[in-house]
Structures are given as C-alpha cells and as structure tokens.
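1. Here is my input; please provide its structure:
(one chain, ligands or ions: 1)
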Amino acid sequence: MSSPSRSGAFEEAADHRVELFTESVSFDRRLYRQDIAGSVAHAHMLADQNILTAEEASQIQSALEEIQLKIESGEFEYRTELEDIHMHIEHALIEQLGDVGRKLHTGRSRNDQVSTDFRLWVRDALDKIDHLLVELQRSFLSRTDLDEGTILPAYTHLQRAQPVLANHYWLAYCEKLQRDRERVADCRHRVNRLSLGAAALAGTTIDIDRENVARRLGFESVAANSLDISSDRDFAAESVFVLSMIAQHLATWADEWILWSTVEFDFIKLPDRFCTGSSIMPQKINPDVLELTRGKTSRVIGSLQTLMVLLKGLPLAYNRDLQEDKPAVFDAFDTVQSCLELAIPIVRDSQLKRESIESRLDRGYLDATTLMEYLIKTGMPQRRAHHAVGALVRRAMGEGKRLADLPLEAFQEMDSRLDESIYEVLGVEKAVQSFVSYGSTAPQRVVEQVRVWKERLEREPEYDMSCTTGV
Ligand code: ARG
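-> Model prediction:
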C-alpha cells in the first residue's frame, strides 16, 4: 500500500527506504490519546459550524473511541507506510466509516495536528512532573521531623565552612524544587495554547471556530498567527530546559549523598533496596541509583541541546526536521520522571548517621566565622577580625585544640576588653544558636520556615503516585 499522504500528484511510489527513513510512528504512537482527543474536539467543532452533521461527528467520536480501545489492548496494527500516528488513526477511521471518516481532516493539516497533540502531551507530562516535585518536597520536609536538632557541617569548595541545622539543609532543596515548580507552571502557560486551525501554515478558508476547539481541549488561549504556530517548538525546548534544571538539582543532591554515603563521610545510610552490589567485591553496597541520577542529567541536557540545534535557523513555517523533536522531549520527560520517582523514597527513607556526624563536628573550625562576627560586634573592623581569627585558628591547630578550648588570654591578646562572653559563640552548637538573619540557619528562623513549608505542602493535594510511568 502506498502512503495516503502521496496524492495523485506523484508519478511513482516511494522508495522503500524513504518510508523507513521518514516514519515517526515508532515513537509518536505515544501521542495516540492526544491525537484522538484533538480529533474528537475538531469533529464536534465542525458539526457546531454546520460543516459536518451532528450525526457524522458522533459517528467519528464513537469510531475514534473504538480505535483507542484497540490501541490500548494491543490489537492495533502499526505500518511504516502510514508514517505517523496521525495517519494511522485517520486511516483506521476511514476503514470504519468510509466517506464520513474522510471528512475529518477538513480545515486542518498534520502540521497543526502534530503541534496540538504534542502540546497536549507536554501539558500532561508537565503536570505529572509537578506532582512528583511536590512529593519530593514532601520527602525532604518529612526529614525535618526525623532530623530535628541535628547539626551538619556545610561546605564551600567541599571544605568545611560553617555549621547548619540539618533542617536548613532539607529546606534548601525544598526551595530549589519550588523554583522548578514555578518554572513548570510558567512554561505550562506557553504550552497551553491551541495550535489547531493553523492548518498547513496559512490558516484555512473553511469557517472553523478555534475558540470552540480550545474550550473542548482545555487550552487557555488560541495561538494567533498560523505561520508562527506551524514553526513554533519553543514550548518543547522550554519544557526540556525546565527538566534540565530539575535534573541539575537532582544531580547536586545525588552527588552530595554519594559522598555522604562513603566511609570517609559516613553521614548517611541509604536504604539497601535502592543500592546495588558488586559482582566481585562482596562487601560493596553501591549508590548506583544516585550515580545514575547524576549521570542521566547529561541525557536531559543532551535533549535540550538536540532541540536547540534542531530549531536553529529553520525557516518558517513547518519543516520535517521538526519531527525529530519528539524523541528528545519524550526521553527528557521519561528520564526526569524516573529520577524523581526514585528520589522520593530515597530522600524519605535514608538515615542520617547522627552519631558519626556529631563525633566529628568539632573538626574544621566551623565556628571561626561566628567568632569573627562576635569581634565585629565588639567594634573591631571586619578585616582586622578576619585576620585575628585566622591567627587564632592557626594557633589552635598547632595545639590540636578547638577554638573553644583556647584560654581567655588568647582572645585578650587581640583586644584586652574581651571577656568570658566570647565563649557563648564558640563550639558548633553555640555557633548555630548565634545566627539571626532572615534566611539563615538560626534555629528560630528554621522552625519558622519548617512551619511555612508544612503549611504550603499541606495545601497541595495528595497525588496518586502509583501509576506515574508512561505518560
Ligand atoms: N509526523 C510529522 C511530525 O512529527 C507530522 C507530519 C507533518 N508532515 C508533513 N509532511 N507536513 O512533524
């Protein structure tokens, strides 16, 4: 059978390699649900406009529903000569309905059809990602009850820097994920615009009602320029950028916890069910899921690169190059979805090794900056205080002591007015207690923030995460 897209204008059938080279049904079959929903909406709009009869529209709807059932039960036959999912579904419709089926493609083209289907798919997929982000935030937040009061060394340059409450740490990830959610929501507006009606590129002479279709499909607006619509894949690139940022955040988390789970750090115990073994070293319990979370970030960023290069310099309007957008977008969504699905239980169920962390908190002079700020508050210029505390650290290191172990005279050598109150900021616990600024690890601030996050996440619905794969 020759492709239905080859009209009477062709003198010969396609070379068999062309069929294989140009087909997309092997991957765009994932759009079947959206394609059917779009066609049902289009048919009813055509009926509302008296272009089809109501009877024809409902025949089309029933036939499409049957086709959907066939696809879902695995009985539907895919054939490369039918190119893409749009042709497959239309062909099956015509097989069932004859000329009534042949009327469906009135006033539309595959160019606006594929864009509509894809937007619907991306919209659903973004919603799913958003739900997973909320669940991951809930996992981080659930840690705040488990790890209340625990202090962690925080790092810059991966060198011990200052002490923070573990709860401050968990909330840092809630914030990052919140920005991801904001990006998802913002991007969703630009995804959620109706393309259908642009037809091939110039619109149509048929009296269609695009607002009608938009309402039926839940689009929030109707894209205004047919030439723009046919060439617009900004929404695809943008959504994969949003996914790339999520992947970056997950990679940072994964990377930290890989380090934390080493004997050297010994900060965290990952649940065994999310670890893997070694085929040669019997003692190994490896954090492969975290490593792959970090590693798969490269695929997501790779998809972003694919899309940007694909779109670069394409002339208006539709070009077949655009067909290459889908594998990149599908892969990026699948990858981020699977990473999030695993991160949720790992974050929730890992155990912080409190004793091990605590036993080494005194190392690294985590209270040095707090001491410097104490001196500043006594009137010492910051640069002087910075230098002076550096010298005290050197002295303490030489003597194998903590700053809190130095005698009062050591401090009074810098400034004779200093008194015993200096010890109130020394030692990791006291150092943490002395923070005050908004956004800091000050215990009261962190308690407030935990409350803010609890309220915020309680307002979010509970999502059913049991069937999240395979949008
Ligand atoms: N399968 C195509 C795509 O994904 C849509 C078909 C448009 N084809 C065409 N020859 N105008 O972009």
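
2. For the rest of this, base every contact and every neighbour count on C-alpha atoms.
-> Fine.

3. residues in the stretch 351-471 of the chain within reach of the ligand, list them.
-> If contacts are counted using CA under 6 Å from any ligand atom, no residue of the stretch 351-471 of the chain sits beside the ligand.

4. Identify each buried residue in whichever strand or helix holds R394, please.
-> Assignment of secondary structure by DSSP states H and E places R394 within helix 382-399. Counting neighbours by 16 or more other CA atoms under 10 Å, one finds that the buried residues in helix 382-399 are 385-386, 388-389, 392-393, 395-396.

5. Just the residues contacting the helix or strand following that helix, thanks.
-> Towards the C-terminus, the helix or strand next in line after helix 382-399, according to DSSP H and E, is helix 408-412. Residues from elsewhere that reach helix 408-412 (CA atoms under 8 Å, 6 or more residues apart in numbering): 392, 418-420.

6. Give the rounded mean pLDDT of the helix holding R394.
-> Taken as a whole, helix 382-399 has an average pLDDT of 97.

7. I'd like the distance from that helix to the chain centre, please.
-> Offset of helix 382-399 from its chain centre (CA atoms, centre = their mean, to the nearest Å): 44 Å.

8. quick one: what helix or strand has the closest residue to L52 other than its chain neighbours in it?
-> Nearest residue to L52 in three dimensions, chain neighbours excluded: L46, at 5.5 Å (CA to CA, 6 or more residues apart in numbering). L46 belongs to helix 32-48 when elements are defined using DSSP H and E.

9. got the angle between the following helix or strand past that helix and helix 32-48?
-> Following the chain from helix 32-48 toward its C-terminal end, the next helix or strand by DSSP H and E is helix 54-72. Using axes from the mean of the first three to the mean of the last three CA atoms, to 10 degrees, the direction of helix 54-72 lies 180 degrees away from that of helix 32-48.

10. Distance check, P315 against the ligand.
-> Note on P315: its distance to the ligand, by CA to the nearest ligand atom, to the nearest Å, is 14 Å.

11. Correction: the previous question concerned W253.
-> For W253, the distance to the ligand (CA to the nearest ligand atom) stands at 36 Å.

12. where does the stretch 51-200 of the chain come near the ligand, residue by residue?
-> Counting by CA under 6 Å from any ligand atom, the stretch 51-200 of the chain sits next to the ligand at 84, 110-111, 114.

13. Now for those residues: which two are most distant?
-> D84 and N111 (11.8 Å; CA to CA).

14. List the residues that contact A236.
-> A236 makes contact with 122, 191, 307, 325, 329 under the criterion CA under 8 Å, 6+ apart.

15. give me the number of residues near the residue nearest to L52?
-> Using other CA atoms under 10 Å, L46 has 26 neighbouring residues.

16. what's it in contact with, if anything?
-> 52, 57, 208-209.

17. Distance of it relative to L314?
-> As judged by CA to CA, to the nearest Å, L46 and L314 stand 32 Å apart.

18. Same question for F274.
-> In this view, F274 and L314 are 44 Å apart by CA to CA.

19. So between the two, which is more surrounded?
-> Of the pair F274 and L314, F274 is the one with more neighbours under other CA under 10 Å, namely 17 against 13.

20. now the strands: where do they sit in the stretch 251-400 of the chain?
-> Taking DSSP state E, counting those that start in this stretch to define them, one finds strands in the stretch 251-400 of the chain at 268-269, 351-352.

21. Report pLDDT for whichever residue of the chain sits closest to the ligand.
-> For the chain, the residue positioned closest to the ligand under CA to the nearest ligand atom is Q323, at a distance of 3.7 Å. Here, the pLDDT recorded for Q323 equals 98.

22. How about Q49: what's its closest non-neighbour residue?
-> Using CA to CA, 6+ apart, the closest residue to Q49 is I208 (6.7 Å).

23. which SSE is that neighbour in?
-> Applying DSSP H and E, one finds I208 in no helix or strand.
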